[in-house]
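Trainee: next input, structure requested:
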Amino acid sequence: MIEAALRLPRRKKRIFQLVADIMLIETSLVVSMAINGLFGAFVRAPSAYALNVLVTAISLVVFIKLGLYRAVLRYVGSRAIVTLFIGVATSTLVLDLLGRAIFSPLPAGVLFDYFLLSLLLTGGTRFALRSLYQHRLMKDKPRVLIYGAGSAGCKLVASLRQGSDYLPVAFVDDWRGMEGTHVEGLEVHSPRHIAELVERLNIEKILLAIPSARRRRRQEIVASLEPLNITIQTIPRLDDVVQGRAKIEDIRDVSVEELLGRDPVPPRQDLMDANIRDQVVMVTGAGGSIGSELCRQILAQRPRQLLLFDSCEYSLYQIEQELLGFLDSLSLAVELKPFLGTIQDQKRLRIILQGFKVDTIYHAAAYKHVPMVEHNMVESLKNNTFGTLAAARAAIDSGVSTFVLISSDKAVRPTNVMGTSKRLAELVCQALAEQSSTTRFCMVRFGNVLGSSGSVIPLFRRQIQQGGPVTVTHPEITRYFMTIPEAAQLVIQAGAMGQGGDVFVLDMGQPVKILDLARQMIRLSGLEPRTADNPHGEIDIVFTQLRPGEKLYEELLIGQNDQPSEHPRIMTANEGYWSWSQLAPYLEQLRSALDSAELERVRELLRLPPTGYSPTGGIADLVWRQHMAQPPSPTRRLAGAADPNPAPLALAAKPL
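Mentor: A predicted model of the protein is given here:
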């Protein structure tokens, strides 16, 4: 019956309410007369019928004018009580006036009883229907515990009661003064009782309603809840709610990115503005994880123009559309210019840089996935090293003021081609910094960023959603992690501090053990890892093996001679490099070996400069391995085989 009533059209529901109010008002009048001993006189009086009809009709008109029938019953709240009070009080006044005019002055007791009965019957009926509706919704709702009994928690409970997703049954709050009190009709408990509450109240989820809590505090709370083997979700952070990017009821899973990240250090606005405000800025690799975040933060500093450069059409389109929406929402007058192209095309880069008079380049374009680079050595070195050389030379030729290279912690004592290619890119910028009087070069080195396309976190998340297993390469492998927004913000500030040839290293905090990360992500999903000690867990963790070129531990510094900078999370590294007179002939030899796919010679060449390259396995390049698997031909030398008479390194620089 309730289901049928809820499905009625809105107009029929209003008619139903009108008919019900007619009956309730007339009942209130008759019963109030009876209570005060006037029922017999009232029903025998000729004017009683007219009084009843007029009071009912005028009361309904008042209710309509007050908008009582526009209110949706399932959302009846405190405002409806005030409206009902005003409507019933007006109806009582009408009864008093009409009684004096066409019946007889009514005793105060009749008027008082009529007021109370009308208020209780018309209001009570509405709240009873709302309760029936909510009870029907709540029958099959997952029962949830709200952590945080503040204003956000109260708003969350009110929102949940109107929806059909969750049934809030209790609050938890760590403020001692709240324990034992009731908020929104729910009892507030101490966090030390959570385990007992989960068991006793059949809690299925815990919702964190602490949007203003600092990241460290949230990490502590989630760590304390992990052993409960229960799904933990959260409402958005306060700044997202304030800026309109989310609503308080937008419940989502607690992301491991939130727990691994740190509370950011407030940026120095002078450093954020220095290379951006009212200038023309280009970001290479604009569609990538770091490049796209750089674009977002650069736009917030109001450049004159922002040039987006990427080789992937789809990624470039996506970031352009996002940034156009961002500009529109903030009413910013910044020109966006998307450019397709490869950073290895020095001529095209020079034409763009000169045509738009670019002031600053943030060079984020690179192949970064370690195993992928190992399998594609030639193209990766051409892109990461020689692409950086082409971009740097184009910047010098075009009079670009600042060139900021986005480097990697894998450039430190690399065991893989990716890290070596990035270290060579650093050497290129350091050598050119000595040669150029127009362009200021600096490099910013940091570790993994959370949520990037090549990060282990999206992989783990997919594996958990599919029921496992979660694959970890080695039980002892560790990595540094930083949020993408923090990394981009620090890159911009570091670029403003460089004097020329500087290598900046970002403070990445403490390294994270990947095995612990996998276990934490499984528990955050409300599941339990299956181990020898816990054979009843739901998700297996399987150890594979280190991939080609992969290290157990990542490092940020080649030596121990780092120095603090004017920013607490940015260090400077003083590291050896080659002058351009040494580097130029070496690069020519390396380019020649890459062009002829002599990968054994390439490997030997990669060991010569101060890169620290120390490979741990054989050549993993797929094309080279395919050629090596084929029988030798008497008419040709296998691609990748070393030249029996390799040319020695030139002693003087040659133009590149």
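Trainee: which non-adjacent residue is nearest residue 48?
Mentor: In this structure, residue 48 finds its nearest non-sequential neighbour in residue 42, 5.1 Å apart by CB to CB, 6 or more residues apart in numbering. (Glycine included, C-beta is placed from N, CA and C.)
Trainee: can you tell me how far the one you found is from residue 99?
Mentor: 10 Å (CB to CB, to the nearest Å).
Trainee: and what of residue 598?
Mentor: Distance from residue 598 to residue 99, by CB to CB: 110 Å.
Trainee: the two: which has the busier surroundings?
Mentor: Ranked by neighbour count (other CB atoms under 10 Å), residue 598 and residue 99 place residue 598 first, with 23 against 18.
Trainee: can you pull the phi/psi pair for the more buried one?
Mentor: phi -90, psi 80 (degrees, to the nearest 10).
Trainee: residue 512 now?
Mentor: Dihedral angles for residue 512 - degrees, to the nearest 10 - are phi -110, psi 130.
Trainee: hmm, residue 447 and it touching each other?
Mentor: No: in this structure residue 512 lies outside contact range of residue 447 using CB atoms under 8 Å: 9.9 Å.
Trainee: before we move on, back to that, what count of nearby residues applies to the residue nearest to residue 48?
Mentor: 21.
Trainee: what of residue 112?
Mentor: A count of nearby residues for residue 112, using other CB under 10 Å, gives 14.
Trainee: ok, residue 144 next?
Mentor: Residue 144 has 25 nearby residues by other CB under 10 Å.
Trainee: quickly find the element holding residue 403.
Mentor: strand 402-406 (DSSP states H and E).
Trainee: got the contact list for that strand?
Mentor: 275, 285, 290, 359-364, 366, 388, 391-392, 395, 425-426, 429, 439-444, 491, 494-495, 498 (CB atoms under 8 Å, 6 or more residues apart in numbering).
Trainee: next step: the residues you listed restricted to helices.
Mentor: 290, 388, 391, 392, 395, 425, 426, 429, 491, 494, 495 (DSSP state H).
Trainee: near the nearest residue to the second one once chain neighbours are set aside, how many other residues are there?
Mentor: If I follow you right, that is residue 388. Nearest residue to residue 388 in three dimensions, chain neighbours excluded: residue 425, at 3.9 Å (CB to CB, 6+ apart). By other CB under 10 Å, the residues close to residue 425 number 28.
Trainee: residue ranges with poor pLDDT in the stretch 551-656 of the chain?
Mentor: 556-561, 631-656 (pLDDT under 70).
Trainee: tell me which stretches of it form strands.
Mentor: Remark: strands assigned in the stretch 551-656 of the chain by DSSP state E, counting those that start in this stretch are 563-564, 570-573.
Trainee: can you pull the buried residues of the last one?
Mentor: By 16 or more other CB atoms under 10 Å, the buried positions in strand 570-573 come out as 570, 571, 572, 573.
Trainee: beta partners for the last one?
Mentor: When you say that, I think you mean residue 573. In this entry, residue 573 is beta-bridged to residue 503, by DSSP bridges.
Trainee: count the neighbours of residue 277 for me.
Mentor: 15.
Trainee: now do residue 308
Mentor: 24.
Trainee: and it, backbone torsions?
Mentor: According to degrees, to the nearest 10, residue 308 has phi -100, psi 120.
Trainee: quick one: pLDDT of the residue lying closest to it once chain neighbours are set aside?
Mentor: Leaving aside its chain neighbours, residue 308 sits nearest to residue 286 (3.8 Å; criterion: CB to CB, 6+ apart). Among the per-residue scores, residue 286 shows a pLDDT of 97.
Trainee: hang on, residue 286 packs against residue 319?
Mentor: Yes: the criterion here is CB under 8 Å, and residue 286 meets it with residue 319 at 5.6 Å.
Trainee: more crowded one of these two?
Mentor: Per other CB under 10 Å, whichever of residue 286 and residue 319 has more neighbours is residue 286, with 29 against 24.
Trainee: can you pull the contacts of that one?
Mentor: Taking CB under 8 Å, 6+ apart, one finds 292, 294, 295, 308, 309, 310, 315, 316, 319, 338, 364 in contact with residue 286.
Trainee: follow-up on the earlier one: for the ones in helices among the contacts of strand 402-406, which one is nearest residue 620?
Mentor: residue 425 (20.8 Å; CB to CB).
Trainee: distance check, that closest one against residue 123.
Mentor: For residue 425, the distance to residue 123 - CB to CB - is 74 Å.
Trainee: re the thing from before, can you redo the strands of the stretch 551-656 of the chain as CSV with distance to residue 111?
Mentor: Below are the strands of the stretch 551-656 of the chain laid out as CSV (distance: least, CB to CB, whole Å):
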stretch, distance to residue 111
strand 563-564, 81
strand 570-573, 77
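Trainee: those strands: which one's closest to residue 215?
Mentor: When these are compared (using CB to CB), the closest one is strand 570-573, at 19.7 Å.
Trainee: quick one on the thing from earlier: quickly list what's touching both of residue 286 and residue 319.
Mentor: 292, 295, 308, 310.
Trainee: for the closest residue to residue 491 other than its chain neighbours, give me its contacts.
Mentor: Nearest residue to residue 491, sequence neighbours excluded (CB to CB, 6+ apart): residue 444, at 4.8 Å. Residue 444 sits next to 404, 405, 406, 407, 490, 491, 494, 495, 504, 505, 506 when contact means CB under 8 Å, 6+ apart.
Trainee: if we go to 10 Å?
Mentor: 362, 404-408, 487, 490-495, 498, 502-506, 570 (CB atoms under 10 Å, 6 or more residues apart in numbering).
Trainee: circling back: what touches both of residue 42 and residue 99?
Mentor: 51, 106, 110.
Trainee: quick one, phi psi at the last one?
Mentor: When read as degrees, to the nearest 10, the backbone of residue 110 gives phi -60, psi -50.
Trainee: and it, how far is that from residue 191?
Mentor: From residue 110 over to residue 191 (counting by CB to CB), the distance is 55 Å.
Trainee: domains of the chain?
Mentor: As recorded under automatic domain parsing, the domains making up the chain are 2-138, 143-254, 269-447+482-508+555-573.
Trainee: what's the most buried one of these?
Mentor: domain 269-447+482-508+555-573 (a mean of 21; mean count of other CB atoms under 10 Å).
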